[in-house]
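>>> Let me see the structure of the following:
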Amino acid sequence: MRKLLSTPRFERQLRRFVKNNPDLDKRVEETLAMLEADPFAPTLGTHKLKGEFYGLSACSCGYDCRIVFSIKKDPQTNEEVVVLHFVGTHDQVY
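All right, here's what the predicted structure looks like:
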């Protein structure tokens, strides 16, 4: 299990996204739980990004919902953490 760390931007986007799409709230929670367990689970459709998002990865949390994240080493514990950067529709995120 990896620890999830969310950026302030992710938190703001998540609040707005769930407010505008209340039906996706549970789906986002499930996706975050799967990310914590295994960010590369086949059901997430995790893929690396290119261009200005080089070094980041994205996964799907529904038909038109994406979560952009990176995996870093925590210098204090030397464990991997998943840093959550963006959430939204495909067009909002990219």
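>>> for this structure, which residue is closest to the average position?
I67 (3.3 Å; C-alpha atoms, centre = their mean).
>>> Kindly provide the distance from it to Q76.
Here I67 is placed at a distance of 25 Å from Q76 (C-beta to C-beta, to the nearest Å). (C-beta placed from N, C-alpha, C; glycine too.)
>>> how much space between V28 and G88?
In terms of C-beta to C-beta, V28 sits 11 Å off from G88.
>>> All the strands of the protein, in order from the start?
Under the criterion DSSP state E, the chain contains strands at 3-6, 47-48, 57-60, 66-73, 80-88.
>>> For the first one, enumerate the helices and strands it packs against.
Which is strand 3-6. helix 25-37, strand 80-88 (3 or more C-beta pairs under 8 Å, 6 or more residues apart in numbering; DSSP states H and E).
>>> Around R12, how many other residues sit close by?
As a burial measure, R12 scores 12 neighbours (other C-beta atoms under 10 Å).
>>> sorry, back to before: export the helices and strands packed on strand 3-6 to TSV and tack on distance to R15 and mean neighbour count?
TSV is the format used below for the helices and strands packed on strand 3-6 (distance: least, C-beta to C-beta, whole Å; neighbours: other C-beta atoms under 10 Å):
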stretch	distance to R15	mean neighbour count
helix 25-37	11	15
strand 80-88	10	19
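>>> would a markdown table of the ones you listed with distance to R16 be doable?
Output for the helices and strands packed on strand 3-6, formatted as a markdown table (distance: least, C-beta to C-beta, whole Å):
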| stretch | distance to R16 |
| --- | --- |
| helix 25-37 | 12 |
| strand 80-88 | 8 |
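>>> which stretch among the ones you listed comes nearest M1?
Closest approach to M1 among these (C-beta to C-beta): helix 25-37, 5.9 Å.
>>> quick revisit: got the strands of the chain as JSON lines, with mean pLDDT and distance to A33 columns?
Putting the strands of the chain into JSON lines (pLDDT from 0 to 100; distance: least, C-beta to C-beta, whole Å) gives the following:
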{"stretch": "strand 3-6", "mean pLDDT": "94", "distance to A33": "9"}
{"stretch": "strand 47-48", "mean pLDDT": "96", "distance to A33": "20"}
{"stretch": "strand 57-60", "mean pLDDT": "95", "distance to A33": "12"}
{"stretch": "strand 66-73", "mean pLDDT": "95", "distance to A33": "12"}
{"stretch": "strand 80-88", "mean pLDDT": "94", "distance to A33": "11"}
